[in-house]
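Here is a sequence together with a model predicted from it:
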Amino acid sequence: MDQPTNAIPTDDRARSRATSPYRFFSADEWAAFRADTPLTLTGNEIDRLRSLNDPVDIAEVRRIYLSLSRLLSAHVEASQLLFEQRKRFLDLADVTKTPFVIGIAGSVAVGKSTTARLLAELLSRWPSSPKVDLVTTDGFLLPNAVLRDHGLMERKGFPESYDIAALLKFLSAIKAGEPDVRAPVYSHLTYDVVPDTFVTVDRPDILVFEGINVLQTRDLPADGTIVPFVSDFFDFSIYIDADERVIRTWYVDRFMRLRETAFKDPHSFFHRYSQVGEDEALSIAEGLWSDINLRNLRENILPTRPRADLILRKGGDHLIEEVALRKL
Ligand SMILES: Nc1ncnc2c1ncn2[C@@H]1O[C@H](COP(=O)(O)OP(=O)(O)O)[C@@H](O)[C@H]1O
Ligand SMILES: CC(C)(COP(=O)(O)O)[C@@H](O)C(=O)NCCC(=O)O
């Protein structure tokens, strides 16, 4: 098996950590920062928020998410204070408050959705009861008909498979404080964007924006035109990390579980995979992982990790074993 690209030899790791822009914490060290942050979610609520195959529980929320919630609360408060001060300074009485945007990046199957849902729920339960919305980038994928026309069906999730202009337009409207901004919706059942269906985001205090591509940059136009990156709209970004061999196992296990559940639905794009034998299904899942998702991880997702403000690194059991917080 290939050497995973995100595994760092121990000696090199110690050396590179000394000069790293991040400070690294074990899960227990990180947990100490929660201080007196109250736990506002019950075990049953956490069960509802987690994805298939993700064992996150109340202990993990206490260990990792309460400190994270406290850190984010400090960032949100600081940005609100800055906004008020700037407004006075610039005498801009009519300027609207804009949402605090949190980007969540990481590989397919690393568990971004669970983290995004948990965070959104925890933040909405702060004493100030902020309005928190959650949007995923899959709605901005090009429809399958377009991907097929361009020979991109095997490139789903790669940068060229997204309508990046629509995605930037969406975020720019959100950051401009516009009301009722619409985002398209993706269905994992049909494996396609749902026609004429949108979620509406109406001036939240916080927007959690989750997807594999959210920290990506791209070549700038030669004519010097200034075009933003998605992350230009972020106030805070999180990368969910794990050894690629571990993510492969999660992807394949999830595929085999979906075969017993979602794929049984005749409307499922993957329905045919619930009809084939276990060995064939396994090799299909492994093929999808290595030909599409692993390639994308190595070429386009992992290279964005150093751009995150915070990296949550998971162990094989899906639990977060290390947190890296950007110092600079
Ligand atoms: N083929 C599928 N059918 C049904 N649900 C899926 C399928 N693939 C992924 N999902 C679900 O979609 C969500 C997003 O998955 P993914 O993009 O792999 O990100 P992550 O695992 O990091 O949250 C997860 O909740 C996952 O369980
Ligand atoms: C839809 C996805 C590209 C993830 O999209 P995201 O919300 O991260 O933008 C991914 O879940 C996916 O379907 N990948 C294609 C290869 C596969 O079927 O696994």
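Alright, I've got the coordinates. Ligands and ions are numbered 1, 2, ... in the order given.

Helices of the stretch 51-200 of the chain, start to end?
58-60, 66-90, 112-124, 144-149, 164-175 (DSSP state H, counting those that start in this stretch).

right, so these: which one is the most enclosed?
helix 112-124 (a mean of 22; mean count of other Cβ atoms under 10 Å). Just so you know, the C-beta spots here come from the backbone N, C-alpha and C atoms, and that holds for glycine as well.

Alpha carbons of that one, in PDB - could you do that?
Extracted C-alpha coordinates of helix 112-124, given in PDB (Å, rounded to 0.1, in the frame of the first residue of the first chain):
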ATOM      1  CA  LYS A 112     -17.200  17.200   8.200                       C
ATOM      2  CA  SER A 113     -21.000  17.000   8.300                       C
ATOM      3  CA  THR A 114     -21.200  15.700  11.900                       C
ATOM      4  CA  THR A 115     -18.700  18.400  13.000                       C
ATOM      5  CA  ALA A 116     -20.600  21.100  11.100                       C
ATOM      6  CA  ARG A 117     -24.000  20.100  12.500                       C
ATOM      7  CA  LEU A 118     -22.700  19.800  16.100                       C
ATOM      8  CA  LEU A 119     -21.000  23.100  16.000                       C
ATOM      9  CA  ALA A 120     -24.000  24.900  14.400                       C
ATOM     10  CA  GLU A 121     -26.300  23.400  17.200                       C
ATOM     11  CA  LEU A 122     -23.800  24.300  20.000                       C
ATOM     12  CA  LEU A 123     -23.300  27.900  18.800                       C
ATOM     13  CA  SER A 124     -27.100  28.500  18.400                       C
END
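
what residues does that helix touch?
Here helix 112-124 makes contact (Cβ atoms under 8 Å, 6 or more residues apart in numbering) with 40-41, 45-46, 49-51, 54, 56, 61, 65-66, 68-69, 72-73, 102, 104-106, 130-134, 136, 206, 208, 210-212, 238, 240, 312.

And residue 238, its phi and psi?
Per-residue torsions, residue 238: phi -130, psi 130 (degrees, to the nearest 10).

Kindly report the same for residue 22.
According to degrees, to the nearest 10, residue 22 has phi -110, psi 150.

who in the stretch 151-300 of the chain is up against ligand 1?
188, 258, 262, 270 (Cβ under 6 Å from any ligand atom).

How about the contacts made by the one residue in the stretch 201-328 of the chain that gets nearest to ligand 1?
Here the stretch 201-328 of the chain gets closest to ligand 1 at one residue, residue 262, 4.4 Å apart by Cβ to the nearest ligand atom. Contacts for residue 262 (Cβ under 8 Å, 6+ apart) come out as 188, 189, 268, 270.

Closest to ligand 2 out of those residues?
residue 188 (6.9 Å).

For the nearest residue to the closest one once chain neighbours are set aside, give its distance to ligand 2.
In space, and not counting its chain neighbours, residue 188 is closest to residue 262: 7.3 Å by Cβ to Cβ, 6 or more residues apart in numbering. Relative to ligand 2, residue 262 is positioned 12 Å away (Cβ to the nearest ligand atom, to the nearest Å).

Against residue 191, how distant is residue 262?
11 Å (Cβ to Cβ, to the nearest Å).

what's the overlap in contacts for these two?
residue 270.

Identify the single longest strand in the protein, thanks.
Ranked by residue count under DSSP state E, the longest strand found in the chain is strand 192-201.

Remind me what the helix or strand just after that strand packs against, helices and strands.
Following strand 192-201 in sequence order, the next helix or strand is strand 206-210 (DSSP states H and E). Where contact means 3 or more Cβ pairs under 8 Å, 6 or more residues apart in numbering; DSSP states H and E, strand 206-210 is packed against strand 100-106, helix 112-124, strand 132-136.
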